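> Take a look and give me a structure for this.
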Amino acid sequence: MKKLYALLFSVIMLFAGNAQANVNPKDAENFIKNVTQTGIEELINSNASAAEKKERFTKLFNQDLDLDFIGKFVLGRYWRTATPKQQEEFISVYRKLNLQTWSERFDDFKGKHFEFLDTENSKSADQIFVNTQVPMSEGAPASVKWRVKKTGNDLRIVDIIIENVSLAQTSRSEYTSYIQKSPQGIDGLIQELKAKLK
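Prediction:
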């Protein structure tokens with residue numbers, strides 16, 4: 001019996017090791033370096049007009065963030081009960097709202113540079129965290145953690161955690177609570193998000 005348990009434990013550890021190796025830490029770090037240095041830093045420190053910044057942020061977000069994946073996550077169980085039309089409308093407005101929110105949020109880092117610390121495994125085999133910080137003019141550096149997901153050969157960002165505040169988790173908590181309380185359910189949430197864009 002002890003030999004059987006030992007064998008099972010070895011098999012479990014073998015698969016766990018393989019799962020952790022699904023995303024190469026160096027590849028994930030290089031991916032985020034490219035996003036931060038040639039994307040965010042270059043953009044927020046440029047003299048580009050507001051319209052040009054918005055256009056370039058749109059390209060960056062569509063290319064490097066998997067907002068479809070994040071959108072499904074933040075709706076939780078309500079994604080499965082939503083109609084195809086509701087799903088399409090939600091993803092569309094959620095994408096626009098995130099573009100607006102995070103382009104403004106990253107403006108706080110104007111003149112600053114991301115420093116890379118380390119990576120850490122996620123509970124999901126196809127995901128990994130890349131830890132960075134941004135030295136600020138006053139106080140401690142701002143902590144920015146990136147959750148990177150591997151799909152096929154591509155790496156995409158599926159969460160940004162600034163000062164321990166998760167984009168995905170915060171939205172999920174807020175949105176599912178709204179749907180539960182709103183008589184219009186998902187349609188009510190979609191209209192609320194559209195109103196925020198205006």
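> can you tell me how far the nearest residue to Arg77 once chain neighbours are set aside sits from Gly185?
Among residues not flanking Arg77 along the chain, Thr176 sits closest, at 7.9 Å (Cβ to Cβ, 6 or more residues apart in numbering). The way it works is simple: take the backbone N, C-alpha and C, and place the C-beta from them, glycine included. Distance of Thr176 to Gly185, computed by Cβ to Cβ, to the nearest Å: 11 Å.
> and if you look at Asp159?
25 Å.
> Who has more neighbours out of these two?
Higher neighbour count among Asp159 and Gly185: Asp159, with 23 against 16, using other Cβ atoms under 10 Å.
> and the more buried one, what does it touch?
Ile70, Trp146, Arg147, Ser166, Leu167, Ala168, Gln169 (Cβ atoms under 8 Å, 6 or more residues apart in numbering).
> Can I take it that it is in a strand?
Yes - the assignment for Asp159 by DSSP: H, G, I helix; E, B strand; the rest coil puts it in a strand.
> Using the three-state scheme, assign the closest residue to it other than its chain neighbours.
Nearest non-adjacent residue to Asp159, counting by Cβ to Cβ, 6+ apart: Arg147, 3.7 Å away. Secondary structure state of Arg147, per three-state DSSP, is strand.
> residues touching the closest residue to Gly76 other than its chain neighbours, list them.
Leaving aside its chain neighbours, Gly76 sits nearest to Thr176 (5.3 Å; criterion: Cβ to Cβ, 6+ apart). Counting by Cβ under 8 Å, 6+ apart, Thr176 makes contact with Val74, Leu75, Gly76, Arg77, Tyr78.
> Hmm, Ile162 and Arg105 touching each other?
Yes - counting by Cβ atoms under 8 Å, Ile162 is a contact partner of Arg105 at 7.2 Å.
> No further questions, thank you.
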